[in-house]
Each structure stands twice: as structure tokens, then as C-alpha cells.
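Enquirer: Turn this into a model:
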Amino acid sequence: MSDYILEMKDVVFEYPGGIRALKGISLAIEKGKKSVILGPNGAGKSTLFLHFNGILKPKSGRVFYQGEEIRYSRTSLINLRKNVGIVFQDPETQLFAGSVFQEVSFGPMNLHLPLPEVEKKVEESLKAMGIEKLKERPIHFLSYGQKKRVSIADVLAMEPDVLIFDEPTAYLDPKHAEKIMDILDELHARGKQIILSTHDVNIAYSWADYVFVIKDGMVLGNGTPQEIFQDNKILEEADLKKPFLLDIYDVLREKGFFFDRLPRNICDLRNICDLRRDEMVMNSALLILVHGSRAEGSQKMVFEIAEKLKRKGEYQDVEVAYLQFNHPDLAESVERLVENGIAEIITVPAFLFQGIHVIKDIPMELKKVKDRYPKVRIALANPIGYDDRICDVISDRAKGRLIEIC
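Expert: Numbers count the residues shown, from 1 in each chain. As a prediction, this is how the structure comes out:
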């Protein structure tokens, strides 16, 4: 048995007038995965969907359901449409009956089912959409969001294995769009195969298991959301932008915040940040690089600053290294930190007693240390001079823009 629920192989389709909407497109929807067809308006997404349940027939090429090629006889199409249901972008194009009950019961009635069975299917579909109280409501009295739900109930009543949604959040405000996406998740959890089209990169990134990018009736690329949205070439060719969450991710990385994986949604980002914060406390150290003498007074002041920073609890350890001659303090400080299990060292140059003319030497010295400890992350913050709020200034610099020592 095929691993794919729906497939297209070299499908070409032309509308009257020779307008070619699909240009030899090939793709395969894997069973069980939440799949998104992503592309700009006019890419061919709706045309592609209309081939999946036989509403449109390709000029050339083949379409498969459950590994078997779709046939276009009346009996074959009726069986196909029982299993593959489409919810159109605009519910006004789908809804035509006088009341919600009449609308949702239309499909089951056409299957010549007994009335009690029809009523049961309608009740279950309306309940799944949370609109059972609208059963007797005239269609023209419904809000746009309610019509969206009725159009989904319409298809659910036929109990298809595959549900295809064409731009399901189009024209909905953020609150109702989120509710629709929650419904799709619930349907998927109940074992339904969910496929949707969208031009919304934020929905595609956060929701999908697998993404197909199409433009001008052709597949530009396919892969996991993480793969697709890190491929700038595909995004540029498809006239798409990065999801907002990845823009935030890039900004955080520029600020020196490093992740072990890409966040998929805002809750995921928050959890990663919380974990990362805990890891930073447990495995990170702050190393203050002081250029100046070891005079008793200055040394005492510097170590008082280090003790205050330790008490803030933002790092597992805080060390001080004096930069002079061949910087023996720097290597010795890093060695002590590594022996104590530190995996990340944020260095802050602090020119408290002398000028900052030696700043150009610091990255070179840090590189020597990095070569000795390649598995330890070492990052360099912007330098500071003396300030009455020196502890806060050092702490802020360590959290700001960092230069990664490689």
C-alpha cells in the first residue's frame, strides 16, 4: 500500500482560452502529516485542490488517491468525493440551502441514507464545529465566521478521510482565524488527513508538518517548515517572506541569544527561552577582562564588582582576568572555568583604569584560548569604561550584541 494519500504526477491543466494553471506539477501528500500548499495568490493552489477530488480533470498527467489512479466515471467520482472533501475559501460559494440543517444534511440525503442516520450525522458535525445551536438558523442570518464553520460541518457530515481547506483563514480576524486552526488540529487528532492552502507564511510555519511551495503552477520546493523557511532562495522565488517568529529568532541571535532548535510558535519560543535562561545560569560564566594594574586598591574594587555580579545569580560563575603582557590571566581564568564545567563564557572588556587602545588585541587573544577549548562557546561583548552603575552596565553588555569567537 502507498505511503501517500494523494499524488500528482506531471499534471498539466489549462482553463478555457489556453490559460495554463498547472505546468507539469508533481507532488505527493504523505499519510498522517499536516500538509500545506504555500504560494502567492494565483500560484495554482485552488486549481490543484480541485484535481484532488475530481472536480477538474488534467489535460495530461495523472492523479492518485490511496495509490490508485483516479478514474472519471460517475461511480468512481462519487466514491472519491465521499473520501476527499473540499472546504472552499469563500463559504458563500459553497452554501446554498435555506437553513443550517438543510445545508449540512444535503450530502447525506443524496446518499439516500435513512432520515435518523442523516440527523445523527448532522448533529455530530454541528457539535464538532460548536454550532449545534444554529441548527435551525437561516444561512443568510449567519456571520462570516459562522458560515465558515457551517461549510466545514457540510463536508464533515460526509465523513471523508481527507479534508482539504482552501485558504481557511481568509477574511477572518485573528481571533476567529485561531479558532479555525484549533478546529483543524482537533480534526487531525481524530485521525483526519488535513491539507490546506495558504499564502500566510506564519500559519504554514507554525502549523504544518510538511510544506509544498508553488508558484505559476509549478513546485519550487518542498520540505519541513524549518527547511523551507531557512531557504532564502525559495522564499525569494515564491515572493514570500520569513515568518514573523523567525524574524524574532534572527534578532535574538544577533543579540547573542543562541538556540539549539528553531521555535515553531510563540509558546515554543517562550519555553526555549526559559530553558535557555536556566542553562545559561547553570553552564555560563561571565569573564571580566580588566586592562590595568594590579594595584591593591584597584584589585579590591574589581573583585568587589565580581562578587556583586555573582550575587545577582545570572551566571554560574564570575571571573576577573587582568590583561597585561602576554595575558597569562586570561588563559588561566578560562582554564579554571572549563574545569568547573562551564560551557559558555561571555567576556566583557572593562577599561576601568586605562584607555581602550588595546581593544584590537582582545579578539586575537580570545581566539588563542578558543583554539585550546574548541567545545566551549566564547563570546565578546562591547567594552565599557568606568561607570557608577558598573555592575548593571557589565550585566547589560553581556546580554547585548556579542561577537562570537570562532
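
Enquirer: is it true that P58 touches V11?
Expert: Yes - P58 is within contact range of V11, at 4.5 Å (criterion: C-beta atoms under 8 Å). In short, each C-beta sits where N, CA and C put it, glycine included.

Enquirer: Looking only at neighbour counts, state which of those two leads.
Expert: V11 (24 against 19; other C-beta atoms under 10 Å).

Enquirer: Just the element for that one, please.
Expert: strand 4-15 (DSSP states H and E).

Enquirer: In that strand, which residues are buried?
Expert: 4-8, 11, 13 (16 or more other C-beta atoms under 10 Å).

Enquirer: re earlier: mind listing the shared neighbours of P58 and V11?
Expert: 22, 51 (C-beta atoms under 8 Å, 6 or more residues apart in numbering).

Enquirer: Which parts of the stretch 251-400 of the chain are helices?
Expert: 266-283, 296-312, 328-339, 362-372, 390-399 (DSSP state H, counting those that start in this stretch).

Enquirer: Take those and write them to a markdown table, including mean neighbour count and mean pLDDT.
Expert: As requested, those are arranged in a markdown table below (neighbours: other C-beta atoms under 10 Å; pLDDT from 0 to 100):
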| stretch | mean neighbour count | mean pLDDT |
| --- | --- | --- |
| helix 266-283 | 14 | 66 |
| helix 296-312 | 14 | 75 |
| helix 328-339 | 17 | 80 |
| helix 362-372 | 16 | 82 |
| helix 390-399 | 18 | 74 |
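
Enquirer: any chance of those in CSV, plus distance to E103?
Expert: Formatted as CSV, these follow (distance: least, C-beta to C-beta, whole Å):
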stretch, distance to E103
helix 266-283, 36
helix 296-312, 63
helix 328-339, 69
helix 362-372, 67
helix 390-399, 57
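
Enquirer: Would you mind measuring the gap between the ends of stretch 195-210?
Expert: Length of stretch 195-210, first residue to last, C-alpha to C-alpha, to the nearest Å: 10 Å.

Enquirer: which stretches of this protein have low pLDDT?
Expert: For the chain, applying pLDDT under 70 flags the ranges 1, 254-260, 274-282, 292-298, 324-328, 351-360, 385-388, 400-401, 406.

Enquirer: Swap in 80 and give it another go.
Expert: 1-2, 252-261, 270-283, 290-303, 311-315, 322-330, 341, 350-362, 365, 382-406 (pLDDT under 80).

Enquirer: quick one, domains of it?
Expert: 4-242, 278-405 (automatic domain parsing).

Enquirer: after the strand holding V11 comes which helix or strand?
Expert: From strand 4-15 onward toward the C-terminus, using DSSP H and E, the following helix or strand is strand 19-30.

Enquirer: Which positions within the next helix or strand along the chain from that following strand qualify as buried?
Expert: Downstream of strand 19-30, the next assigned helix or strand under DSSP H and E is strand 35-38. By 16+ other C-beta under 10 Å, the buried positions in strand 35-38 come out as 35-38.

Enquirer: for the helix or strand just after strand 35-38, packing partners?
Expert: Counting by DSSP H and E, the next helix or strand C-terminal to strand 35-38 is helix 45-52. With contacts taken as 3 or more C-beta pairs under 8 Å, 6 or more residues apart in numbering; DSSP states H and E, helix 45-52 sits against strand 4-15, strand 19-30, strand 35-38, strand 60-65, strand 84-87, strand 162-166, strand 193-198.

Enquirer: Export only the CA atoms of the first one, formatted as PDB.
Expert: Think strand 4-15. Below are the C-alpha coordinates for strand 4-15, written out as PDB (Å, rounded to 0.1, in the frame of the first residue of the first chain):
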ATOM      1  CA  TYR A   4       0.900   8.700   0.100                       C
ATOM      2  CA  ILE A   5      -2.800   9.600   0.400                       C
ATOM      3  CA  LEU A   6      -2.800  11.800  -2.700                       C
ATOM      4  CA  GLU A   7      -0.300  12.200  -5.500                       C
ATOM      5  CA  MET A   8       0.100  14.100  -8.700                       C
ATOM      6  CA  LYS A   9       2.400  13.100 -11.500                       C
ATOM      7  CA  ASP A  10       3.200  15.600 -14.300                       C
ATOM      8  CA  VAL A  11      -0.200  17.200 -14.200                       C
ATOM      9  CA  VAL A  12      -1.000  19.900 -16.700                       C
ATOM     10  CA  PHE A  13      -4.200  21.800 -16.700                       C
ATOM     11  CA  GLU A  14      -5.500  24.600 -18.900                       C
ATOM     12  CA  TYR A  15      -8.500  26.800 -18.400                       C
END
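
Enquirer: Tell me which of the helices of the stretch 251-400 of the chain sits nearest to Q226.
Expert: Q226 lies closest, by C-beta to C-beta, to one member of those: helix 266-283, at 11.8 Å.

Enquirer: picking up where we left off before, of the helices and strands packed on helix 45-52, which approaches N232 most closely?
Expert: It's strand 35-38; of the helices and strands packed on helix 45-52, that one is closest to N232 (C-beta to C-beta) at 15.1 Å.
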